[in-house]
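Peer 1: Prediction below, plus the sequence it came from.
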Amino acid sequence: MDVRCTDCNQNVEGRAIYAGSKVYHRGHFRCSTCQLAIRNFYYTCSEDGKPICYACKSVQHPVCKKCEKFVGETFIRAEGDPYHLDCFVCHGCAKPFPGGEYYRHNGAVFDIDCYWAQVAVEHCK
Ligand SMILES: [Zn+2]
Ligand SMILES: [Zn+2]
Ligand SMILES: [Zn+2]
Ligand SMILES: [Zn+2]
């Protein structure tokens, strides 16, 4: 059986990496963006089918801080952290923020109504 590495076009013996219909030497399976060998996770770019490593993928499509899944084309960035639109919601009432305005309290985010409700509760202890 003559199996050739997609990268260097040499015969692959022993352990190879199979990615879709392509075969690579271990170490020749490289990220199409940073050119580093991909060891654990990889993803395929939908456009050209080239492999991309986890690190590069998460730069292009950041991981939601809340649910830890990749965010799509539209996402919210709050204080540097990306969130799905549905994941960045008020800690009190679980609704999205009107106009993107939110208040931070004890590490959680609240809309204005819930924020004041929260603060009032704590002040009345
Ligand atoms: Zn190779
Ligand atoms: Zn990469
Ligand atoms: Zn999310
Ligand atoms: Zn709320």
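Peer 2: Arrived safely. Just so you know, these numbers come straight off a predicted model, no measurement behind them. Ligands and ions are numbered 1, 2, ... in the order given.
Peer 1: Show me the helices in the chain, by range?
Peer 2: Applying DSSP state H to the chain gives helices spanning 54-60, 112-123.
Peer 1: does ligand 4 sit close to the last one?
Peer 2: Yes. Between helix 112-123 and ligand 4, judged by CB under 5 Å from the ion, the touching residues are residue 114. Bear in mind the C-beta positions are built from the backbone N, C-alpha and C, glycine included.
Peer 1: now that helix, how far from the chain's geometric center?
Peer 2: Its chain's C-alpha centre and that of helix 112-123 lie 33 Å apart, by CA atoms, centre = their mean, to the nearest Å.
Peer 1: List the residues that contact residue 88.
Peer 2: Counting by CB atoms under 8 Å, 6 or more residues apart in numbering, residue 88 touches 66, 76, 78, 96-97, 102, 109.
Peer 1: May I see the PyMOL selection of the buried members of those residues?
Peer 2: Here is the PyMOL command that picks out the buried ones among the contacts of residue 88, judged by 16 or more other CB atoms under 10 Å:
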select buried, resi 76+97+102+109
